[in-house]
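Okay, here's the prediction I keep looking at, along with the sequence it came from:
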Amino acid sequence: MHFRVQLLRGLHRPYICSHEMRDAEQIEGFWKRSALLLITSLILFGISAYFGIGNESLSKTIYELSPIEFETIKALFGIGQVIQGVLISIILILLPALYFWVFTNVDYKKLVIMQLFILTIYLIEQAMSIPFHLVGMDQNSLPFSFGVVAQYLTEHELIINFFSTITLFKIWSMILQVIYIKVLSEKSTMISLFIVIPFNLFIWILIALFSYIRFEVLL
Amino acid sequence: MIWKKWTITILITLFLAVNLFLTFKKDNKITSLNYIDEWTSVKEQNLIRSKNKTGVITPSEEQYVYFDDKNGQFQEFLVKKGEEVQVGTPLFEYSSANIESSKAKLKVEITKLESELGSIEENIKQLESLQTDLSADLEKEEKDASNDMMFIDAEIYDKELQKGRIESEIEKYKALIDSEGKILDNLVVKSNVSGIVQEISHNLKNPLITILSDQQQVEGILEEEELLEITEGMKVFVTSPALSKKKESTITEISSNPIEQPKVNRKSQYHFSVQLNEGSEEKIVNGAHVNLKIIKNELNNVLTVPLTSINHKEAKSYIYVLQQNGTIKKRPIQKGIHVEQVQEVKEGVEKGELIVFQPSILKNNAPFFTPIDMRKIETKLIKKMRKKEIIRYIGRGFLNN
């Protein structure tokens, strides 16, 4: 059986796709789609960095530096952001797949394909955030995250960070993962949930902590 | 399956709606940022409010020279039509015949009076010598002598009086001769403007000579409403393709009567003129059309911001300042005048402060971020930077959340 990697179909028809993938012996278009996603990610984070999204920590230097210095430093900062974005994309493909591979007996490559679908969702989310950032919403106030509600309920930054990491896109990704893991590994829904949810929670807490500590200030 | 899709769609929509409502609710506590794509600094500069008009070069005056037959008879013209004259150039001459003859008469009169004066002086001398003789007799006590003495005294007094009168008469005639002399000098009529002789009336009809002054002025027309803000004495810059440099001058006159008969249903127009300053090497022909820049108001060294940077709310004006701590501050200001896109700020900003060029919806006290301006990046600067610095900034971007 041949299986062609089709990103949008993978999101749209998860049941059909996962069954096809399970029965597949040969996979087509894997490298092409991976490359496409990584290039898209490069462009997307490039655009985001070009608009200066996330560079507010540099704004304090606007009076100290000459316009040329200011823009140059922002450009260097932007290069860092793009590297981060592309690296996160790569990690997003490989690392969760590794985790799921450990807990199931599914072919690693198939899990990587599943993560390509997840990366697609992640990139859609990033693309959709850009206009919201430009009208003045920060990372914690995006309308498709739970950060807004969290800000009304608490003032604790770590909790707000955690909830703002949880977005409709993340929930969508998680549901997809559950479906694919269940079909690919032929495990029960309960076990699939048990594999997927704690892992995602762990990642979200990690991201929340990461924003809370603000490593970039240390440099 | 269909109801499931619908539920999900409705839930998602509801979730987004609630979030957006909470985000844009008035006085919310939602953290936000300001995206500032263009900013500028508060500048100190001179503001000039001006009005552009067009005008035409005309000679500033026509000088008419008149012939007056009381001054004598006409003798001859000393200039020709079209000739250039300076201040003091003789224009025409009266005949001197009459005056010379009256002068001679007066001189005869004076010689007559002078001889009369001589005889009176002789007379006085005789009387005085008589007096000395008598005073010698008086010492010999002769009664008659004192009577004679008194008589002689009176006589001398009388003669002195006559003498004085004749002397003053002579003075008078001398003065008359002087004045005739002056008239003689005035027989030549001189020009008191410099310019060109435009017209000469050979049949001695007044005005005898018309001189077109070479002083030039610019004439223009002001609309009724412009009269309210343009006054005499305002500075004007005159420019023209025919002039290499702009000329500075002032409005010398604005006519108080409109050009045409005032009418209720028509706007009135008024003449104004601008004297062109002398001493310029450049010549411009009469009738040339020029551009005028009338300076209505000139402010020196005032703080200015672009007009676009100001937001109005309930009759108050605000600008958004980029603060040193990386946040945006909404600040009220006192406006002054504005010239086109430049607004004077009287109060509320300092020179060099950075402000948002065109504020949209901005959140007070929230941090701001700015896009990268590719045109301003210099690779030379990156080459000059130490490697450690470069890695530090890339690293900060890399670790940014």
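The structure has been received and is ready for your questions.

Can you tell me the closest non-neighbouring residue to A:Thr61?
In this structure, A:Thr61 finds its nearest non-sequential neighbour in A:Phe70, 6.4 Å apart by Cβ to Cβ, 6 or more residues apart in numbering or on different chains. C-beta: built from backbone N, CA, C; applies to glycine.

same question but for A:Leu8, I mixed them up
Closest residue in space to A:Leu8, ignoring its immediate chain neighbours: A:Thr120 at 7.5 Å, by Cβ to Cβ, 6+ apart.

How many residues are close by that neighbour?
Residues lying near A:Thr120 (other Cβ atoms under 10 Å in any protein chain shown) number 20.

can you confirm it is in a helix?
Yes - judged by DSSP: H, G, I helix; E, B strand; the rest coil, A:Thr120 forms part of a helix.

which residues touch it?
A:7-8, A:10-11, A:37 (Cβ atoms under 8 Å, 6 or more residues apart in numbering or on different chains).

Let me know the closest of those residues to B:Leu161.
Set against B:Leu161, the nearest of these by Cβ to Cβ is A:Leu37 (137.5 Å).

close enough to count as contact, the closest one and A:Leu119?
Yes - when contacts are counted by Cβ atoms under 8 Å, A:Leu37 is listed as touching A:Leu119 (5.4 Å).

Those two - which one has more neighbours?
Using other Cβ under 10 Å as the criterion, A:Leu37 and A:Leu119 rank with A:Leu119 on top: 25 against 22.

how close does the more buried one sit to chain B?
A:Leu119 sits 19 Å away from chain B, going by Cβ to the nearest Cβ, to the nearest Å.

A:Trp204 too?
13 Å.

Next: A:Ser34.
A:Ser34 sits at a distance of 22 Å from chain B (criterion: Cβ to the nearest Cβ).

ChimeraX command for the buried members of the contacts of A:Thr120?
The ChimeraX command for the buried members of the contacts of A:Thr120 (criterion: 16 or more other Cβ atoms under 10 Å in any protein chain shown) is given here:
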select /A:7,10,11,37
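
and the contacts of A:Thr120, which of them are in helices?
The helices, defined by DSSP state H, take in A:7-8, A:10-11, A:37 from the contacts of A:Thr120.

Pick out whichever of those residues sits closest to chain B.
Checking the ones in helices among the contacts of A:Thr120 against chain B with Cβ to the nearest Cβ, the nearest one is A:Leu11 at 14.2 Å.

Excluding chain neighbours, what is closest to that closest one?
A:Phe117 is the one closest to A:Leu11 (Cβ to Cβ, 6+ apart), at 5.7 Å.

quick one: contacts for the one you found?
With contact taken as Cβ under 8 Å, 6+ apart, A:Phe117 is in contact with A:7, A:10-11, A:176, A:180.

Give me the local confidence score for it.
A:Phe117 is assigned 95 on the pLDDT scale.

what about it, which SS state?
What three-state DSSP gives for A:Phe117 is helix.

ok, it to chain B distance?
Computed as Cβ to the nearest Cβ, the A:Phe117 to chain B distance reads 18 Å.

quick revisit: where do the contact lists of A:Leu37 and A:Leu119 overlap?
Counting by Cβ under 8 Å, 6+ apart, the residues touching both A:Leu37 and A:Leu119 are A:89, A:93.

number of nearby residues for the residue nearest to A:Thr167 when sequence neighbours are not counted?
The shortest distance from A:Thr167 to any non-neighbouring residue, by Cβ to Cβ, 6+ apart, is to A:Ser145 (4.3 Å). When neighbours are defined as other Cβ under 10 Å, A:Ser145 has 25 of them.

Distance of A:Ser145 relative to B:Ile30?
Using Cβ to Cβ, to the nearest Å, A:Ser145 is found at 12 Å from B:Ile30.

now A:Phe210
Look at A:Phe210 and B:Ile30: by Cβ to Cβ, they are 22 Å apart.

Which one's more surrounded, these two?
Neighbours per residue, other Cβ under 10 Å: of A:Phe210 and B:Ile30, the larger number sits with B:Ile30, 20 against 14.

Now do the end-to-end distance for stretch B:233-252.
End-to-end distance for stretch B:233-252, by Cα to Cα, to the nearest Å: 6 Å.

hmm, who's touching it?
B:55, B:217-218, B:230-232, B:272-277, B:280, B:282, B:284-285, B:288-296, B:298.

just the strands in the stretch 251-400 of chain B please.
Listed in chain order, the strands of the stretch 251-400 of chain B (DSSP state E, counting those that start in this stretch) span B:269-275, B:289-306, B:311-313, B:316-322, B:328-339, B:342-347, B:354-356, B:368-369.
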